[in-house]
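S.K.: next one to model:
(chains A and B)
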Amino acid sequence: MNNSTVTPKYTPNEVFKKPVLNFIFVREMKAISKTLAQLLKGESATISSFSDDLLALKLIEMGCIPGETITLQHVAPLGCPYAFEVNGILVSLRKSEAQFVLISK
Amino acid sequence: MSGTSLFLNLQQKFSSKEPLKIALVGNPNCGKSTLFNALTGLHQKTGNYPGVTVDKKTGVCKAQNPITKQIQWFRLIDLPGTYSLFPKSLDEQVSFSVLMDEKNVDYPDIILIVVDASNLKRHLLLATQLIDLGRPCILVLNMIDAATENGIEIDLDRLSELVQVPVVSCNARQNEGIDGVKKTFFAFEKDVKSQQGLINIQAIVNKDYAESVHRFISQTSTYASLLKQRSNIEKDENLNIYNQKFFTGFESRDMLFRFEKIKKISLDCVNYTTVRKDLKTTDRLDRAITHPFWGFVIFIGVLFLIFQSIFYLAEFPMQWIETGFSFITQKAKQYLPNNFLTSLFTNGILAGLSGIVVFVPQIALLFGFISLLEDSGYMARVSFIMDKLMRKVGLNGRSVIPLISGMACAVPAIMSTRTISNKKERLVTILITPLMSCSARLPVYTLLIGIMIPSSYRIGFFDVKGLLLTALYLMGIVVAIAVAAVLKYILKTKERSFFMMELPVYRIPQLKTVLLTMFDKVKVFLLDAGKVIMVISIVLWFLTSYGPPKEFAIINKNYTEAMAKADIDSLKKELTIAMETQKLQASYAGHLGKIIEPAIKPLGFDWKIGISLITSIAAREVFVGTMATLYQSGDKEDNISIRQKMMCEKNPTTGKLVYNFAVCLSLLMFYAFAMQCMSTLAVVKRETNSYKWPIIQFVYMSILAYAASLLVYQLLK
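M.R.: Prediction:
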């Protein structure tokens, strides 16, 4: 198969429907959407969605809902976990858990 | 039962003699337990929920009816903190089943919803869910002072109108507004109204489905029926196939709908005037506490303080207890007739009691500190700082406190593992804590090291004895961590582990809470673990003071004959000591020692050491006392004379010294690893709620001890 003929003429939705091209979509998505794990200390962002159901439930319970502003407040002395401030509370998450939270700036 | 009939039924209950049941429900960190303490005072007791090790706190409280002025009693239960009615952890599951299962003994008549007024928006999530159950609810805005300080003004009347239940504010830490809370208990005595609920069922689930579920399950409201159905589906695989599709995304739709609703409610009745101050203070403190350097300095300082106090501070009251008990024992022996009952009383029951009570100072001190840390908010930070280090071996950041406390005593340390919420991490911590060198090992270590290294050898500046002792302590830590790493792969759990947690704002801890926790833990230990310790203690007494009647009769006869001849006091004393030695050797424990001799011979131990190993099950330091009796050393407290006797002991067949370097080191290994502590076993039994884990622990530690001793002796002999 000649891959060079594939040109990104599709909108993301159309791309998603074609399973062969899924990997391109995933790569693009990764490039566009940042996760909480990539936030730097002191930086803020807006929660856009979650990519893990159970964690999402636990976070929503605490008031970390899409649309809220989230700030990386502290980092543990050994570099992990993180402590985020959202909605007036501090929530600590491991790096591995923070990557399930998608953000936009 | 639904709607109005429920409330009518409650009215009838008010006039009956049976106290009404009230459950306190709220998020973690909402000050629920403080309110519970303020309402009940000392009228409370702690236990376990059946089948699980989740603390169950119940109590009673009396309140005056504001109209009739009559005093009425209420039965209160403090449910474990929960974020929502979608249980995900054991704690939340317990709260859910108490609230939703009518057959549960604690099923409440009134639900007291406790929320943190300074965090109203978030805490209202659970509150609105509870209100939608359609049951009698009271909304308590706790920490109202913190809200005022942080510029949050709440219109209580308007809030009450919006959420359709009575609203009352209080400040449980300062004991303010408690009477007001009690008054609202009577709100349901006359007032019969049906709540229409806050949720729009159609917005979260198919309407027809919801109605059919409600018809079928008929809980107190449609929402309650749905929640019940949801939990049934999780338990029953067969229900799953048809129903599950209706529940996909149910939870998030529900919660997002509620947050929208709460936003509207708070716009209507909450007024924010200034920026929050408590967050700023917390932020400043956290900056120091999570600092790469100062964070660890503070942490190590806190650990050092705890360890020092349970190691040294507890020493004094422990000595008083020991001298007190030995005084009573002495007097009892003096004044009571010398028979079976006296012996049972002094050597069995009193010894057992003393062995139980002696732990009280350490337990009280450790839990005083832990309560201080929990209450102030630092405990959550301990987890935060240590997580990365501890999770590599399958432990929790919070495991550090039990492990360090284990270097003083494993008993309070294991009791303190309740702060670890993950089941597996908690179990691993319980299993490895007794490997830390506790203070009971110290007398054994000192005696044996004294025999191994008679004079003071030095390497450079270091005393070899001191170095060996340090090495033993380090070995305990290293082996504990290694075992944890192994257990990480052996133990399996279905529970998915999350670290995610809330870091509460710092607060000044409350003396009342600290004292109540100390009192509580001591009580639980005395009553629960005490029983097991007592039984083992009596069994050990029997084994060491009785033996085959024939042998004992001969010893007694010889002794009385010799005593009759002896005329000097010192000779009589020597004879008594000699008789004790002979009796112990002839006792059932002595026979057991001989029976196990072939098994412990490869470790370099003879049957006399075998006896000590058996008696040491009571507590490790008993080794020294048993050795004293076995080697006819009169003064049991005198370490040096036992040491000299042991150093001279020769093997009757080979004529070589019994306690040579290899045997001593082998014994040290055995005492470092073996589970020779009935009190720890009793506490593990209580904390794991099973006989399985203490048995597993006993077996694995015995194997470890045997293997280490075998290796050392075979290599060095």
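
S.K.: pLDDT score for residue 4?
M.R.: As the question left the chain open, I've gone with chain A. For A:S4, the pLDDT comes out at 42.

S.K.: nope, chain B please
M.R.: For B:T4, the predicted pLDDT is 62.

S.K.: which non-adjacent residue is nearest residue 96?
M.R.: If you meant another chain, say so; for now it's chain A. A:A37 (7.9 Å; Cβ to Cβ, 6 or more residues apart in numbering or on different chains). C-betas here are computed from N, CA, C, even on glycine.

S.K.: correction: the question concerned chain B.
M.R.: Counting by Cβ to Cβ, 6+ apart, B:F96 lies nearest to B:P87, which is 4.4 Å off, once chain neighbours are set aside.

S.K.: which one is B:S612 nearest to, not counting chain neighbours?
M.R.: That would be B:T626: by Cβ to Cβ, 6+ apart, it lies 4.4 Å from B:S612.

S.K.: let me know the next secondary structure element after the strand or helix carrying the one you found.
M.R.: Here B:T626, judged by DSSP states H and E, is contained in helix B:622-630. Sequence-wise, the next helix or strand downstream of helix B:622-630 (DSSP H and E) is helix B:639-648.

S.K.: centre of the chain versus that following helix, how much separation?
M.R.: 40 Å (Cα atoms, centre = their mean, to the nearest Å).

S.K.: what's in contact with the helix or strand following it?
M.R.: For helix B:639-648, the following helix or strand on the C-terminal side (DSSP H and E) is helix B:661-673. Helix B:661-673 is touched from outside by B:435, B:437, B:441, B:444-445, B:448-449, B:451-452, B:472, B:475-476, B:479, B:603-605, B:609, B:613, B:616, B:620, B:623, B:701, B:704-706, B:708-713, B:716-717, with contacts defined as Cβ atoms under 8 Å, 6 or more residues apart in numbering or on different chains.

S.K.: tell me the buried residues within these.
M.R.: Taking 16 or more other Cβ atoms under 10 Å in any protein chain shown as the criterion, what is buried in these is B:435, B:437, B:441, B:444-445, B:448-449, B:451-452, B:472, B:475-476, B:479, B:603-605, B:609, B:613, B:616, B:620, B:623, B:701, B:704-706, B:708-710, B:712-713.

S.K.: check contacts around the spatially closest residue to B:Q70 that is not a sequence neighbour.
M.R.: Sequence neighbours aside, B:Q64 is the residue nearest to B:Q70 in space, at 7.1 Å (criterion: Cβ to Cβ, 6+ apart). Residues counted as contacts of B:Q64 (Cβ under 8 Å, 6+ apart) are B:Q70, B:I71, B:Q72, B:K182.

S.K.: confidence score at the residue nearest to B:I144 when sequence neighbours are not counted?
M.R.: Among residues not flanking B:I144 along the chain, B:S169 sits closest, at 4.2 Å (Cβ to Cβ, 6+ apart). If you check B:S169, the pLDDT there is 93.

S.K.: and for B:S456?
M.R.: 67.

S.K.: next one: B:L704
M.R.: At B:L704, the pLDDT value in this model is 95.

S.K.: go on, A:K30?
M.R.: On the pLDDT scale, A:K30 is placed at 50.

S.K.: spell out which residues of chain A are next to chain B.
M.R.: A:54-63, A:65, A:73-81, A:83, A:85, A:87-94, A:97 (Cβ under 8 Å from any Cβ of the partner chain).
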